[in-house]
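> Sequence and predicted structure are below.
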Amino acid sequence: MRDDLLTLRGMRNILPREKAKINKIESEIRRLFKVYGFKEVETPTIEPLELFELKSGEEIRHRMYRFTDLGGRNVVLRPEVTASVAKLVVQEMRSMPLPIKIGYILNVFRYDEPQHGRYREFKQGGFEIFGSKSPLADAEILEVSSRLMDSLGIGNYYVKIGHEGVLRAILTRFGVEENIQDRVLGLIDKEKLSEAFEILASLQKGVEVTELIKRLWEIKSRNPAEALRKAEAVVKDIPEAIEQLDNLREIIELAQASGVGEVIVDMGFARGLDYYTGMIFEVYVKDLRIAVGGGGRYDKLTGILGWDIPAVGCAPGIDRLSLVLNDDIVPKDDIICLIISMVKEGDLLASRLAGMMRARGIPTMVDPTRRDLNKALSYASKRGFKYVAIIGSKEVENKVVTLKDMEAGSQEELKPEQIVEKLSQYSI
RNA sequence: GCCGCUGUAGCGUAACCAGGCAGCGCGGUGGCCUGUGGAGCCACUUGUCCGAGUUCAAAUCUCGGCGGCGGCCCCA
């Protein structure tokens, strides 16, 4: 293989076994689209650079595949889908009744260093609800994320949940501007608290705000009620923050009522995307360090694009789900019968039989090689086919086909119609 | 962007530490064997990631690049 033609770093070929798992995950996601009323859409792979400069956050921004197209436009391969879908809704769906529920399954591109579960091209599913501020919408997003895990048979997962509104309410109370808030939350997200505090200190915001954030940041618990109680005690003098906490409590209660699995509340949790305004979460599988999905509320994003409606959504990571999925979740599907025509005069009968089988939906293959019967049987054996249909000069003469059961080793001479009938139980 | 491990045929590996003819298994192709001997036998197929350095001699030692795997960061 010429090494200048090798697959690019971070890109990969997806082989049949892996692809079958991915298909399984996608079909579960599409089933949930229908069960929950999300309409699937597709957005362009290439978007204007500006779309993601707006609110996607520093982390994603400097990992974009960006280039100038032949028309001189600054463009990127989408690093995420939410901004595109928000734009789609603003651009195309202004006359639709709210709420608008949109789903997607699309590939995205980020120029990260590849490692376990991280590629430069990967696939996300997505569930987005536009036009509702209600905690019911937040809870539904948590519910559908959780339901996907259940329906894929992934039991050992938990949801890490936080709320950017609480932190933002505190910062707003102390007069910190929004773009500074984005930076501070970004640093808190990276657990670089001291750097976040340096920014606040340089703005002369006093020690009180850093103290509040620090105490809030320390609250992490598997017991949501307990975490919320502690958080309330911290922000008791800031009504706007209390309001946000109440919102989080309501969301968690609704989510648990609908059957969301284990929840861990983390008040110091922020996310790298700047557009989040409220509840945020990530889904983790135990024993795997990386998130298999995430999401949150982003009430300001569509406003920037020209239609001010609240929104909440999530994105399951299809490749990462595949990583934790057992191979045996996908049924083996393979050819049931290999038709071997040993002489040229048998080809016509072979074609006729193959046509009849396939019309009935029986997975059938005609051996196209005209090799020794031994080798053809060897091929069928290695591939695990259930039956071979042998057509030689003897069969042509008697207008029959020898059907051999590869597992039992037995065989019988049958008319083509009889073979179709016998194997019709395998039709798909 | 940073760090660690690693790189031998299509795949899996031996030889590497301690420099001296690159070997094996699987696969693939062709042939032999009257059409079921799903086997066997024979033959063929293809390789030391790239580039410098040390050396009489480099798959082996050194350096750099590239790739793979993994970790940090971030996420999906």
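Good, I have the coordinates.

> contacts, neighbours, all on C-alpha from now
Fine.

> Give the buried residues for the helix or strand hosting A:L148.
A:L148 belongs to helix A:135-151 when elements are defined using DSSP states H and E. For helix A:135-151, a neighbour-count test (16 or more other Cα atoms under 10 Å) marks A:135-149 as buried.

> which one of those is nearest RNA strand B?
A:S145 (10.3 Å; Cα to the nearest atom of the strand).

> any idea how far the closest one is from A:A169?
27 Å (Cα to Cα, to the nearest Å).

> hang on, the earlier thing: now for the helix holding A:L148, which elements pack on it?
Applying 3 or more Cα pairs under 8 Å, 6 or more residues apart in numbering; DSSP states H and E, we find helix A:135-151 packed against helix A:16-36, strand A:121-130, helix A:239-257, strand A:291-297, strand A:311-316.

> Any residue of it touching RNA strand B?
No - Helix A:135-151 is not in contact with RNA strand B by Cα under 7 Å from any atom of the strand; minimum separation 10.3 Å.

> Number of residues surrounding the closest residue to RNA strand B within chain A?
Nearest to RNA strand B, among the residues of chain A, is A:K190, at 2.2 Å (Cα to the nearest atom of the strand). As a burial measure, A:K190 scores 14 neighbours (other Cα atoms under 10 Å).

> For A:D138, see how far away it is.
Note on A:K190: its distance to A:D138, by Cα to Cα, is 24 Å.

> same check, this time on A:D287
27 Å.

> Also A:L88?
Distance from A:L88 to A:D138, by Cα to Cα: 21 Å.

> what stretches of chain A score poorly on pLDDT?
Counting by pLDDT under 70, chain A has low-confidence residues at A:1-4, A:205-206.

> Around RNA strand B, pick out the residues from the stretch 51-200 of chain A.
A:59-60, A:110, A:112-122, A:124, A:187, A:189-191.

> one more time with 6 Å
For the stretch 51-200 of chain A, the residues in contact with RNA strand B (Cα under 6 Å from any atom of the strand) are A:59, A:113-120, A:122, A:124, A:189-191.

> Closest one of those residues to A:R249?
Of all those, A:D189 has the smallest distance to A:R249: 21.4 Å, by Cα to Cα.

> got a list of what the residue nearest to that closest one when sequence neighbours are not counted touches?
Distance criterion Cα to Cα, 6 or more residues apart in numbering; nearest residue to A:D189, sequence neighbours excluded, is A:A270 at 4.7 Å. Taking Cα atoms under 8 Å, 6 or more residues apart in numbering, we find A:A270 in contact with A:162-164, A:185-186, A:188-189, A:280.
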